[in-house]
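> just the structure for this:
(one chain, ligands or ions: 1)
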Amino acid sequence: MNKSYSYGKQYIEKDDIQAVIDVLKSDWLTQGPTIGNFEKLLCEKLGSSYATAVANGTAALHLMALALGWMKGDVVLTTPITFLATANSVLYAKAIPDFVDIDGVSYTVDIDKLEDKIEYYQKKGKKIKAVVAVDYAGHPCEWKQLRFLADKYEFQLINDACHAIGAMYKNEHHYISMYADTAILSFHPVKHITTGEGGAILTNSKEFQEKVKILRTHGMTKDENRLEKNDGPWYYEMHELGFNYRITDIQCALGISQLKKLERFIQRRQEIAHYYDSVFEGDERFIIPQCAEDISHAYHLYPLQIRFDRISITKKALFERLRGKNIYCQVHYIPIHLQPYYRKNFGFQPGDFPVAEKFYEQEMSIPVYPQLETEDLEYISSTIKMLAK
Ligand SMILES: Cc1ncc(COP(=O)(O)O)c(C=O)c1O
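Numbers count the residues shown, from 1 in each chain. Alright, predicted model coming up:
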């Protein structure tokens, strides 16, 4: 059978399967010790004081929004080039989402435009509540400058790091928890490591961590310091409305096994990206993703831009032809402000964020995952070059 290639895919090995089997044979399928062990390993790897593993990255964003106290009328900024969940988390908290265009080189938030937007709101007498900056594709944002702005204008700073586990900023893996008040991870199968579905919230704030943990399980607490009374060992109280956003021990066993291999996975992704760089660079039909000097890209995605203004095939036709060759690319992302829901409810229009819109026209995420071998890369890149005419 012919091989087929998606833009991203999990990499599961024998020891991952064994780790899951071991938990299946244990006493705890959920709410057991493996969850805490996974959280501990996340903290060790990413230099965070606290980690809370949850059902998925979207649940992590939702709990983060509630625990940060976002409310009706609060304005929260993010970029249009991210997954819907980033902006939807603002809506879950009934706050107001607004966008800042991306930088045309890093594809992350444009720092100058961010400051302009903050000042625009200031002139209207409104303070920004929070900024959710996205390390798009695995390229870290300008975190030092973001921290500077967060202190200057007193907003909460969040790292949606769903693409960026394993990336480095200023030679530091731990950057994820160094600059932002909280960071969000996803362990969906297309990400660097997987738990099937899964996500996590990282922070150095004990108070924030405690809020998130309680919200993860229905808002229930057994904490002596918070209980109004105590009827006995079974007793719990609910002081706020939470959810069942728990992850299972089965998933966390997979997560631990995968997390131990993070460096190897990232290294292979970088090798693949360098291969693509070498074949597409210098060809005027393509724009390869750039890396700032002081970062190490985690390449959750390899966002290749195609100059459709220089070739005759359309984007749609190219995608269809590639599918015919078993290459299933994807586009990351349709700018969120162009989604009917956001246009209808917030009045966004085409032209509002021109860099993001141009990027959308040209971007195509081509396959990047550790199992790809040199012959796969040759096939994928030569097919793209052959069809992009
Ligand atoms: C940037 C970003 N944020 C949040 C999410 C949501 O994560 P999940 O799919 O685990 O809910 C994703 C998932 O693709 C993402 O790419």
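
> for the residue of the stretch 51-200 of the chain at minimum distance from the ligand, give me its contacts.
The ligand sits closest to residue 57 of the stretch 51-200 of the chain, with a gap of 2.4 Å, by CB to the nearest ligand atom. C-beta coordinates here come from the backbone N, C-alpha and C atoms, glycine included. The neighbours of residue 57, taking CB atoms under 8 Å, 6 or more residues apart in numbering as the test, are 85, 162, 184, 185, 186, 187, 188, 198, 199.

> chain neighbours aside, what residue packs nearest to it?
Closest residue to residue 57 apart from its sequence neighbours, by CB to CB, 6 or more residues apart in numbering: residue 186 at 2.9 Å.

> pretty sure residue 171 contacts residue 294?
Yes: Residue 171 lies in contact with residue 294 (CB atoms under 8 Å); the separation is 7.1 Å.

> all helices of this protein, in order?
14-24, 33-46, 57-67, 84-92, 111-123, 143-153, 175-178, 206-216, 249-259, 262-280, 315-324, 340-346, 354-362, 374-387 (DSSP state H).

> list the residues that contact residue 361.
Per CB under 8 Å, 6+ apart, neighbours of residue 361: 308, 315.

> sorry, that was for residue 62
89, 92, 243, 245.

> burial measure for residue 55, as a count.
Number of residues near residue 55 (other CB atoms under 10 Å) recorded here: 21.

> that one contacts residue 195, doesn't it?
No: the pair residue 55 / residue 195 is not scored as a contact, 9.6 Å apart, by CB under 8 Å.

> which neighbours do these two share?
Common contacts of residue 55 and residue 195 (CB under 8 Å, 6+ apart): residue 247.

> which residues touch the worst-scoring helix or strand of the chain on mean pLDDT?
Sorted by mean pLDDT, DSSP states H and E, the helices and strands of the chain end with helix 175-178, the least confident at a mean of 94. Residues from elsewhere that reach helix 175-178, judged by CB under 8 Å, 6+ apart: 46-49, 140, 143, 159, 161, 164-165, 167-169, 172, 183, 202-204.

> and stretch 223-233, by the same measure?
Contact with stretch 223-233 is made by 210, 221, 235, 237, 239, as judged by CB under 8 Å, 6+ apart.

> again, only using 7 Å
237, 239 (CB atoms under 7 Å, 6 or more residues apart in numbering).

> what about that stretch, how long is it end to end?
Stretch 223-233 has an end-to-end distance of 11 Å (CA to CA, to the nearest Å).

> what pLDDT, on average, does it get?
The average pLDDT for stretch 223-233 rounds to 95.

> how about stretch 154-174?
Mean predicted confidence for stretch 154-174 is 97.

> start and end of it, how far apart?
Start-to-end span of stretch 154-174 (CA to CA) is 23 Å.

> sort out which residues of that stretch are buried, please.
The neighbour-count check on stretch 154-174 (16 or more other CB atoms under 10 Å) flags 155-169, 172-173 as buried.

> those residues in strands, which ones?
Applying DSSP state E to these, the entries found in strands are 156, 157, 158, 159, 160, 168, 169.

> give me the pLDDT for the residue of the stretch 51-200 of the chain closest to the ligand.
On the pLDDT scale, residue 57 is placed at 98.

> and residue 88, by the same measure?
pLDDT, residue 88: 98.

> cool, and residue 126?
97.

> contacts only, for it.
residue 75.

> next: the one 4 residues further on.
When contacts are counted by CB under 7 Å, 6+ apart, residue 130 is found next to 68, 70, 76, 155, 156, 158.

> for residue 362, see how far away the residue nearest to it when sequence neighbours are not counted is.
Counting by CB to CB, 6+ apart, residue 156 is the residue found nearest to residue 130 once chain neighbours are left out, at 3.9 Å. Look at residue 156 and residue 362: by CB to CB, to the nearest Å, they are 33 Å apart.

> likewise for residue 198?
32 Å.

> neighbour count: these two, which is higher?
Set side by side, residue 198 and residue 362 show more neighbours around residue 198, with 27 against 17, by other CB under 10 Å.

> what residues are up against the more buried one?
Residue 198 neighbours (CB under 7 Å, 6+ apart): 53, 55, 56, 187, 247, 251, 255.

> could you do residue 83 as well?
Applying CB under 7 Å, 6+ apart, the residues near residue 83 are residue 333.

> let's go with 10 Å and repeat that
Residue 83 sits next to 57-58, 61, 134, 136, 160, 162-163, 186, 188, 332-333, 336 when contact means CB atoms under 10 Å, 6 or more residues apart in numbering.

> what does residue 3 give?
By CB under 10 Å, 6+ apart, the residues touching residue 3 are 326, 327, 372, 373, 375, 376, 379.

> ok, residue 18 next?
253, 257.

> tell me the spacing between it and residue 256.
Relative to residue 256, residue 18 is positioned 12 Å away (CB to CB).

> fine, thanks again, bye for now.
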